[in-house]
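K.L.:
dropping a prediction and its sequence here:
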Amino acid sequence: MNKQTIVFTGGGSAGHVTPNIAIINELSKDEWTIHYIGSKKGIEKELISKMGIPYNSISSGKLRRYMDAENLKDIFRVLKGIMEARSLLKKIKPKLIFSKGGFVSVPVIIAASSLKIPIYIHESDLTPGLANKISQRFASKIFTSFEEAAKYFPANKTVVIGSPIRREIFSGKKERGKRYLDFTKDLPILTVMGGSLGAKKMNETVRDSLEMLTANYQIVHLCGKGQKDDSLDNTPGYRQFEYVNEELPDILAATDTVVTRGGSNAIFEFLALKIPMLIIPLTKKQSRGDQILNAQAFSKKGYALTLEEEKLSKHSLIQSLENLEKNKEKIISTMETSPMGDALSVLIKEIERNR
């Protein structure tokens with residue numbers, strides 16, 4: 001059978017790119033030619049270009065839910081992006097478009113629809129982002145991570161599958177992770193993943209609490225680009241990194257407890273790895289509130305505890321972690337009964353049907 005071509009799109013944040021990468025890594029390069037369409041300066045360009053995947057940039061406007069003078073300019077950027085995407089798609093001739101959302105995906109999906117190219121979209125969060133709200137009318141099939149999200153989409157083309165988890169996340173080794181971190185004590189390992197967006201308060205609170213935290217844990221602090229505090233480099237039982245890549249599976253294999261934001265991809269990975277988590281979601285001032293809803297859903301299901309950032313302090317952080325430790329076995333037991341299946345395998349099978 002001849003090779004077929006698939007185009008992936010999605011960007012604006014790592015959460016709109018990493019699930020695409022998980023799928024790309026599973027597709028046979030002997031059977032598929034893979035292209036990516038993204039923005040000119042977004043994080044997706046950096047992440048995809050590293051993989052050697054052909055990357056195509058288009059103009060894109062920021063989709064806003066509020067009145068702003070930039071909205072008028074962005075209408076023209078989106079229109080330009082649609083024309084650029086249409087021209088690209090006519091040259092690439094893909095069999096299928098797969099979108100993870102983000103504002104850059106909208107011009108691609110509209111252009112693909114005009115060319116009658118099948119479109120699959122995946123929504124990670126409990127409620128759809130604006131890009132997927134617009135895109136749903138053009139989609140051939142819609143996949144969601146949360147059962148609660150399905151009600152926002154047409155029932156006849158929507159399937160709840162969970163979140164596509166990167167296979168490599170399961171390849172970590174605990175001892176290899178401890179060696180990399182140079183952790184030799186018997187204390188449990190607490191990994192803090194603040195990310196880059198709005199990480200400042202989380203990072204500051206963790207650092208202010210180090211004396212109490214290191215009495216009970218060895219700390220891995222993934223604090224985000226430009227967020228390291230070099231004065232703490234020699235603190236016993238504390239390791240900080242802007243981010244890690246190849247070493248992450250080993251670090252997570254060694255991790256006993258995690259403090260994280262409420263991004264869907266991250267919390268579904270921790271669920272798959274059965275790591276009890278304290279979720280500190282971004283506030284509505286920093287986001288559209290999707291992380292708050294994700295955190296509430298995971299807490300309600302018994303997979304996590306939630307601490308609102310407005311209530312975040314040294315005392316509340318320590319208290320929340322103490323509560324997490326008390327409920328740790330129950331949380332792990334609940335995670336083990338999670339009905340979420342292998343979303344990545346489902347998506348690969350659906351894509352293969354288009355060959």
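P.N.:
Now that the structure is in, tell me what you want to look at.

K.L.:
can you show me the strands along the stretch 51-200 of the chain?
P.N.:
For the stretch 51-200 of the chain, the strands defined by DSSP state E, counting those that start in this stretch cover 55-57, 96-99, 119-123, 141-144, 158-160, 189-193.

K.L.:
just put the ones you listed in CSV and tack on mean neighbour count.
P.N.:
In this view, the C-beta of every residue, glycine as well, is placed from N, C-alpha and C. Shown next, in CSV, are the strands of the stretch 51-200 of the chain (neighbours: other Cβ atoms under 10 Å):
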stretch, mean neighbour count
strand 55-57, 18
strand 96-99, 26
strand 119-123, 25
strand 141-144, 24
strand 158-160, 17
strand 189-193, 24
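
K.L.:
which one of these lies closest to residue 112?
P.N.:
strand 96-99 (4.5 Å; Cβ to Cβ).

K.L.:
would you mark the buried spots in the least confident helix or strand in the chain by mean pLDDT?
P.N.:
Within the chain, no helix or strand scores below helix 70-92, which has a mean of 86 by mean pLDDT, DSSP states H and E. Residues 74, 77, 78, 81, 82, 84, 85, 86, 88, 89, 92 are the ones in helix 70-92 that count as buried (16 or more other Cβ atoms under 10 Å).

K.L.:
break this protein into its domains for me.
P.N.:
Here the domain parsing of the chain from automatic domain parsing is 4-163+341-352, 168-336.

K.L.:
span of the longest one from start to end?
P.N.:
This stretch, domain 4-163+341-352, spans 10 Å end to end (Cα to Cα, to the nearest Å).

K.L.:
low-scoring stretches of this structure, by residue?
P.N.:
Along the chain, segments meeting pLDDT under 70 span 1, 61-72, 195-198, 287.

K.L.:
backbone dihedrals for the residue nearest to residue 60 when sequence neighbours are not counted, please?
P.N.:
Using Cβ to Cβ, 6 or more residues apart in numbering and skipping residues adjacent in sequence, the residue nearest residue 60 is residue 104, 4.2 Å away. Main-chain torsions, residue 104, degrees, to the nearest 10: phi -70, psi -20.

K.L.:
what of residue 279?
P.N.:
phi -100, psi 130.

K.L.:
residue 238 now?
P.N.:
According to degrees, to the nearest 10, residue 238 has phi -140, psi 120.

K.L.:
what do you get for residue 273?
P.N.:
Taking degrees, to the nearest 10 as the convention, residue 273 sits at phi -90, psi 0.

K.L.:
look at it and say how many residues are nearby.
P.N.:
18 (other Cβ atoms under 10 Å).

K.L.:
ok, the nearest residue to it once chain neighbours are set aside to residue 181 distance?
P.N.:
Residue nearest to residue 273 in three dimensions, not counting chain neighbours: residue 252, with 5.9 Å by Cβ to Cβ, 6+ apart. Counting by Cβ to Cβ, to the nearest Å, the separation of residue 252 from residue 181 is 12 Å.

K.L.:
next one: residue 344
P.N.:
From residue 344 across to residue 181, the span is 28 Å (Cβ to Cβ).

K.L.:
now swap in residue 289 and tell me
P.N.:
Counting by Cβ to Cβ, the gap from residue 289 to residue 181 is 34 Å.

K.L.:
among those two, which residue is more densely surrounded?
P.N.:
Remark: of residue 289 and residue 181, residue 181 carries more neighbours, 21 against 17, as counted by other Cβ under 10 Å.

K.L.:
run a quick neighbour tally on the residue nearest to that one when sequence neighbours are not counted.
P.N.:
Nearest non-adjacent residue to residue 181, counting by Cβ to Cβ, 6+ apart: residue 239, 5.2 Å away. Other residues near residue 239 number 20, with proximity taken as other Cβ under 10 Å.

K.L.:
quick one on the thing from earlier: any idea how many residues pack against the residue nearest to residue 273?
P.N.:
23.

K.L.:
what's the distance between it and residue 90?
P.N.:
Residue 252 is 43 Å from residue 90, by Cβ to Cβ.

K.L.:
repeat for residue 130
P.N.:
According to Cβ to Cβ, residue 130 and residue 90 sit 27 Å apart.

K.L.:
could you do residue 139 as well?
P.N.:
From residue 139 to residue 90 the distance is 20 Å (Cβ to Cβ).

K.L.:
try residue 339
P.N.:
In this view, residue 339 and residue 90 are 42 Å apart by Cβ to Cβ.

K.L.:
now swap in residue 52 and tell me
P.N.:
24 Å.

K.L.:
can you classify the nearest residue to residue 279 once chain neighbours are set aside by secondary structure?
P.N.:
Of all residues beyond its chain neighbours, the one nearest residue 279 is residue 295 (4.1 Å), with distances taken as Cβ to Cβ, 6+ apart. Counting by DSSP: H, G, I helix; E, B strand; the rest coil, the backbone at residue 295 sits in helix.

K.L.:
show me the contacts for residue 295.
P.N.:
Listed by Cβ atoms under 8 Å, 6 or more residues apart in numbering, the contact partners of residue 295 are 262, 267, 279, 281, 304, 306.

K.L.:
switch to 10 Å and redo it
P.N.:
The neighbourhood of residue 295, defined by Cβ atoms under 10 Å, 6 or more residues apart in numbering, consists of 126, 260-262, 267, 277-282, 304-308.
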